[in-house]
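Trainee: Dropping the sequence and predicted coords here.
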Amino acid sequence: MDEVNQEPASSSGSATIGARVEPAQDQKAAANAVREMFSSIAPRYDLLNHVLSLNVDRYWWWRTARRFRHIVRRSDATVLDLCCGTGDMTLALYRQAGPNGAAIVGADFAHPMLCRAMQKCAGLPLEWVEADALQMPFADGRFNLVTSAFGFRNLSNYDAGLREIYRVLAADGEVAILEFGEPKGLMGKFYRFYFRRVLPTIGSMLSGTKGPYAYLPASVARFPQPQEMLLRMRAAGFREVNYTAYTFGVSGVYWGKK
C-alpha cells in the first residue's frame, strides 16, 4: 500500500500518548530523557544514520522536500523544520528552495544536535532556534509549511504536538511528518530482524552507548499505525490528510493542510 487517503471523523481514542524511554515515565520525565539521550549521541549521529540506513535516509529527505517544493520555492513563504536534529531535512528543504526561495527555520530542543546542524550548514541563510516542539516560541500562523523528519516520534505527547504544529501554521499551510514504519509480508520479517536485532547491536558498538539504539525499535513499534496517525491529524484540525509509504514501508510521510 503506497498511499492511505482518509477523512476520519474523530480521534481513535488510542492509549498511545507519546515517546517513553521507560514505560512508567510521565510526560516531563519522558521529554527530558529523550533530550539527554539524543544529546549524548550527537557527535556520531549523522554517521550512524547513514550507515544503519544504508544511505537510503538521504533519498527520504530529498523526496519529502521535493514533494513540497511548491511551497519552499516561494520567496514569500516561511518554513519550519521541527525536531530538526542535525539539520538533514533542513538542508534538503534549502536545496529545493534555492537562494531565492522560502525563509527556513530549523528547531530542536537538544542543544548538541542543534550545534551540529549549525556547523553542517554554516554560511547558509538558515535560522536556528532551540525550542520544545510542544511549546514553540513562534506566533500563531507564522509558517506556510512545517516538516518533521524522524523527530515527531520522539515527542512525549503526539496529539499535543499536532495541535502545536496546527497553531503555528498559516491558513492553508501544510504539514509533512516523515517517520519510520514497519513493512508487511516477507520484507517485513527481514526488516524487523534487522531493525530489532542487528541495528541496535551495530549502533551500540559504533556509538559506544546502548540506550538510544535499544530505544529506536521500541519507539517505532509504539508509534501509531498510519490509519491511527491520520485519525489523530484529523482530530487536531488538519484536512486532506494522507500518507505515502517509502521503500516498502520502511518509512513514509504523513501530510495534511490547515
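Mentor: Now that the structure is in, tell me what you want to look at. Numbering: from 1, shown residues only.

Trainee: following the biggest strand by length in the chain, which helix or strand comes up?
Mentor: Longest strand in the chain, counting residues (DSSP state E): strand 169-180. Downstream of strand 169-180, the first helix or strand assigned by DSSP states H and E is helix 185-193.

Trainee: Let me see the ranges of the strands in the stretch 51-200 of the chain.
Mentor: For the stretch 51-200 of the chain, strands defined by DSSP state E, counting those that start in this stretch occupy the ranges 78-82, 103-108, 126-130, 143-149, 169-180.

Trainee: Buried residues in the longest strand of the chain, which are they?
Mentor: Leu169, Ala170, Gly173, Glu174, Val175, Ala176, Ile177, Leu178, Glu179, Phe180 (16 or more other Cβ atoms under 10 Å). All C-beta atoms are positioned from the backbone trio N, CA, C, and that covers glycine.

Trainee: Using a markdown table, lay out these together with distance to Gly208.
Mentor: Output for the buried residues of strand 169-180, formatted as a markdown table (distance: Cβ to Cβ, whole Å):
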| residue | distance to Gly208 |
| --- | --- |
| Leu169 | 39 |
| Ala170 | 43 |
| Gly173 | 41 |
| Glu174 | 39 |
| Val175 | 35 |
| Ala176 | 33 |
| Ile177 | 30 |
| Leu178 | 27 |
| Glu179 | 26 |
| Phe180 | 23 |
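
Trainee: Show me which pair in these is furthest apart.
Mentor: The largest separation in the buried residues of strand 169-180, counting by Cβ to Cβ, is between Ala170 and Phe180 at 28.5 Å.

Trainee: And the pLDDT at the residue lying farthest from the centre of the chain?
Mentor: Relative to the centre of the chain, the most outlying C-alpha is that of Leu186, 26.4 Å out, by Cα atoms, centre = their mean. Among the per-residue scores, Leu186 shows a pLDDT of 86.
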